[in-house]
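> Generate a structure from the sequence data that follows.
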Amino acid sequence: MDLMWWAVPVIGLAVAAVTIAAAVLMPSRRNAQRREPLAHTVRLTQLPEYRTVVRRQTRATAMVVLLLTLLFTTALLATARPTAPVTDAAGPRDDIMLCVGQPVTDQATGQFLGYFARQASSYGTERIGLTSADRRLVPLTRDYQYAAGRFGEYAQAGRVPNPPRLESFTSAVEYDDYAPTVADVLALCLTGFPGFENPGAERRSVIYLGPGSLRAPDDSRPSLFTDAQVIDMARRGAIQLNAVATAGHQTDALATVTRSTGGTFARFDPATLDAQLDAIRADAPRDDDQRRDSPVVVLILALALTGLLGVSLMAVRR
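Modelled structure (predicted):
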């Protein structure tokens with residue numbers, strides 16, 4: 001059992017040690033004043049009845065002290081938030097968000113989505129989704145037939161003369177006071193995970209395909225997000241960012257973003273793309289990185305000790 005806040009038991013034990021030391025070392029005037037002189041105490045303490053009573057009170061006191069110590073320990077453990085790794089007998093539960101900043105008619109997009117159209121049919125516990133530069137095309141789903149169909153349709157958009165009518169992959173709208181960046185696209189992809197602000201029970205990863213920059217070097221229009229904000233969002237949500245960068249733009253910033261979240265950065269190569277994606281999927285966040293509160297055992301023990309302590313106190317009073 002691991003604890004989220006190790007400082008709590010350390011501070012609690014230190015306070016308990018100081019309290020016990022103070023109780024033992026500091027004299028008590030009240031006890032000294034309450035003592036009454038008695039005659040023949042040696043004869044009294046040698047009586048079998050007296051010794052029986054003393055033994056009974058000693059055992060009861062020791063039992064109460066032991067229960068109080070155990071109850072104090074369980075309270076410290078519960079306050080320190082015990083955690084346990086998230087495990088699933090059916091296998092790892094992954095959330096995968098495909099994040100495409102490349103045009104849908106590009107060869108790289110077709111090959112990228114074609115890979116996941118084939119892979120989706122083999123999934124069993126994963127959820128997968130698709131986000132383009134400005135819209136959510138496939139929300140996270142375990143409907144693998146639907147996802148594979150959508151990926152396959154978009155993958156064919158640049159290969160066939162008359163592709164089927166599909167929802168627009170990206171918007172053709174341009175703005176005078178805004179220009180999208182890779183950070184904006186990644187932020188949109190991150191928001192596709194439910195409760196993306198905090199870690200979830202699933203292993204989360206974003207796989208980005210696109211250039212290292214979406215705007216010209218001299219374009220000074222503002223954007224919505226910065227690289228630092230995207231890294232912070234990914235870390236707070238325990239989301240791994242991976243990227244396959246296409247040619248034509250600087251990729252240093254994109255590489256820094258991915259590696260800062262424990263992800264993989266690769267350069268697009270049509271001959272080895274499948275192997276690159278296999279390596280990215282194999283390097284998904286580990287299960288032991290995902291933990292959740294597990295206070296049940298500690299709280300049940302605390303309740304049992306509380307009940308035993310109540311019964312023991314009644315015995316002491318009798």
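
> When you work out contacts or count neighbours from here on, use the C-alpha atoms and nothing else.
Fine.

> which residues of the protein fall in strands?
Secondary structure of the chain (DSSP state E): strands located at 2-3, 82-85, 94-100, 127-131, 136-141, 203-210, 239-245, 265-267, 291-293.

> Tell me which of those sits nearest to residue 48.
strand 82-85 (49.1 Å; C-alpha to C-alpha).

> What pairs with that closest one, parallel or antiparallel?
Strands that pair with strand 82-85, judged by DSSP bridges, come out as strand 2-3 (antiparallel), strand 291-293 (antiparallel).

> which stretch in the ones you listed has the least confidence?
Of all those, the minimum mean pLDDT falls on strand 291-293 (a mean of 66).

> Tell me which of the strands of the chain is the most buried.
Comparing these by mean neighbour count (mean count of other C-alpha atoms under 10 Å), strand 239-245 comes out on top with a mean of 28.

> my guess is residue 117 meets residue 152, correct?
Yes. Applying C-alpha atoms under 8 Å as the test, residue 117 and residue 152 come out as touching, 5.6 Å apart.

> how close does residue 136 get to residue 119?
From residue 136 across to residue 119, the span is 20 Å (C-alpha to C-alpha, to the nearest Å).

> avg pLDDT for stretch 232-245?
Across stretch 232-245, pLDDT averages out at 94.

> separation between the residue nearest in space to the middle of the chain and residue 150?
With distances taken as C-alpha atoms, centre = their mean, the residue of the chain nearest its centroid is residue 199 (3.3 Å). Per C-alpha to C-alpha, residue 199 is found 28 Å from residue 150.

> And residue 71, by the same measure?
Between residue 71 and residue 150 the distance is 57 Å, computed by C-alpha to C-alpha.

> more crowded one of the two?
Shown here are residue 71 and residue 150; by other C-alpha atoms under 10 Å, residue 71 has more neighbours (20 against 17).

> Isn't the more buried one up against residue 306?
Yes. Between residue 71 and residue 306 a contact is recorded at 7.1 Å, counting by C-alpha under 8 Å.

> buried residues in the longest helix along the chain?
Identified as the longest helix of the chain according to DSSP state H is helix 48-79. Under the neighbour-count criterion of 16 or more other C-alpha atoms under 10 Å, helix 48-79 has 60, 63-64, 67-68, 70-79 buried.

> buried set for stretch 8-15?
Burial within stretch 8-15, assessed by neighbour count using 16+ other C-alpha under 10 Å, is assigned to 8, 9.

> would you list the strands of the chain in CSV and tack on distance to residue 255?
Output for the strands of the chain, formatted as CSV (distance: least, C-alpha to C-alpha, whole Å):
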stretch, distance to residue 255
strand 2-3, 33
strand 82-85, 30
strand 94-100, 15
strand 127-131, 20
strand 136-141, 24
strand 203-210, 11
strand 239-245, 8
strand 265-267, 6
strand 291-293, 28
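
> Of all pairs in the buried residues of helix 48-79, which one is the farthest apart?
Distance extremes for these: the farthest pair is 60 and 79 at 28.4 Å, using C-alpha to C-alpha.

> pLDDT weak spots in this protein?
1, 27-40, 85-92, 158-167, 285-292, 315-318 (pLDDT under 70).

> Which residue ranges make up the domains of it?
2-85+294-317, 94-289 (automatic domain parsing).

> related to what we said a few turns ago, the strands of the chain: which one's closest to residue 311?
Taking C-alpha to C-alpha, strand 82-85 is the member of the strands of the chain nearest to residue 311, at 28.0 Å.

> Now do that closest one: distance to the chain's middle.
Distance of strand 82-85 from its chain centroid, counting by C-alpha atoms, centre = their mean, to the nearest Å, is 11 Å.

> export that strand as CSV, just CAs?
Extracted in CSV, the C-alpha atoms of strand 82-85 (Å, rounded to 0.1, in the frame of the first residue of the first chain):
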residue,chain,number,x,y,z
PRO,A,82,-3.6,5.2,0.7
THR,A,83,-3.5,4.4,-3.0
ALA,A,84,-3.3,1.3,-5.1
PRO,A,85,-2.4,0.8,-8.8
